[in-house]
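> sequence and predicted structure are below.
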Amino acid sequence: MSVRAQLALGLVLALVWTATAHAEPPLQALAREVVGVGQGVLVVAEDGTVLAAVAVDRAVHPASVTKVATSLAMLQRLGPEHRFTTSVRADGEIAAGVLHGNLVVEGSGDPFLVNEGAFQILERLHARGLRTIDGRVQGRGSLLFDWERDPTGSALGRFFAGNGAGWTPPAGSPPLRELALAFGGRTIAARGSATTLATYRSPPLLAILKALNGYSNNVFHLASDAIGGPSAVTTIARAAVPAELRDEIVITNGAGAGTTTRISPRAAVALVNALDHEL
């Protein structure tokens, strides 16, 4: 090849390289159009191709994208097969179907304890012959019910008493009213020793996270307490991304509620990749 031809080829390659280097990602114009002021976006194809990148290092309020970080943290800390346990004990003697004492419910932070699980517990208590409680339900540990904290067990107690707020048991099951417990509501001091009547175990954590993410349920914030709350989620999330992204992750609510949580677009993508790797 002549020197002139070599120079011409070099010029063509240089022009192609320059055009490629300065070409915008294919969705960049659309991203600029739709991304709001003060926000950012990073869109990356599975093969690593950047499709859009706007303010990728700007840490902004991520709303429910925070649940990606909380899911990752809970899986790493507890494991995908972890099951939360709720124990129900009789604090007193049982005679002729009457508990002469309180019904103690010990929780472990199960974010998935809702009416269906409470009904299963009630079925087991009914099978043990329990019909009446002289005292009341007393909550212990970390007790959640129907997506809310229930530290005293009062909400769970109302369900046990037959107040299901229109909830219908599964097909083939008896009506809630047939299993409902009668409560005397007397103030009875704890006796110290208690007999376990029923133990309820949640589905595996992986199934719980899939369901809660499907509905973007904000119980994620309460669920994060099982591993130390938002500060623990922040620590685990930062450790899962490259060092230069760690200051772009600040989590103050495990579900993304409030106004102070911050994650940058590039850190969010890194967290999705970390979750994919964990799974």
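Happy to help now that I have it.

> any idea how far G258 is from the spatially most central residue of the chain?
In the chain, the residue lying closest to the centroid (C-alpha atoms, centre = their mean) is F220, at 3.3 Å. Note on F220: its distance to G258, by C-beta to C-beta, to the nearest Å, is 13 Å. Heads up, the C-betas are built off the backbone N, CA and C, glycines and all.

> and L144, by the same measure?
19 Å.

> go on, H82?
According to C-beta to C-beta, H82 stands 27 Å off from G258.

> these two: who's more crowded?
Between H82 and G258, H82 has the larger neighbour count (other C-beta atoms under 10 Å), namely 15 against 12.

> got the contact list for that one?
By C-beta atoms under 8 Å, 6 or more residues apart in numbering, the residues touching H82 are 204-205.

> now it, what's its secondary structure?
Under DSSP: H, G, I helix; E, B strand; the rest coil, the three-state class of H82 is coil.

> need phi/psi at it.
For H82, the backbone dihedrals (degrees, to the nearest 10) come out as phi -60, psi 140.

> now do the strands in the chain.
For the chain, the strands defined by DSSP state E occupy 41-44, 50-54, 85-95, 98-108, 132-133, 137-142, 144-145, 148-149, 182-183, 195-201, 249-250, 262-263.

> nearest to P169, out of those strands?
Counting by C-beta to C-beta, P169 lies closest to strand 195-201 out of those; the figure is 15.6 Å.

> any buried residues in that closest one, and which?
197-198, 200 (16 or more other C-beta atoms under 10 Å).

> over to stretch 214-229?
217-227, 229.

> same question for stretch 164-171.
Buried-residue list, stretch 164-171, by 16+ other C-beta under 10 Å: 164, 169.

> same deal with stretch 96-109?
Buried residues in stretch 96-109, defined by neighbour count with 16+ other C-beta under 10 Å: 98-109.

> farthest pair in the residues you listed?
Greatest spatial distance in the buried residues of stretch 96-109: V98 and G109, 31.3 Å, computed using C-beta to C-beta.

> for stretch 46-61, buried residues please.
For stretch 46-61, a neighbour-count test (16+ other C-beta under 10 Å) marks 50, 52-56, 59-60 as buried.

> can you list the residues you listed in JSON lines and add distance to V233 and pLDDT?
Converted to JSON lines, these look like this (distance: C-beta to C-beta, whole Å; pLDDT from 0 to 100):
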{"residue": "V50", "distance to V233": "27", "pLDDT": "96"}
{"residue": "A52", "distance to V233": "27", "pLDDT": "96"}
{"residue": "A53", "distance to V233": "26", "pLDDT": "96"}
{"residue": "V54", "distance to V233": "26", "pLDDT": "94"}
{"residue": "A55", "distance to V233": "24", "pLDDT": "94"}
{"residue": "V56", "distance to V233": "22", "pLDDT": "96"}
{"residue": "A59", "distance to V233": "15", "pLDDT": "96"}
{"residue": "V60", "distance to V233": "18", "pLDDT": "94"}
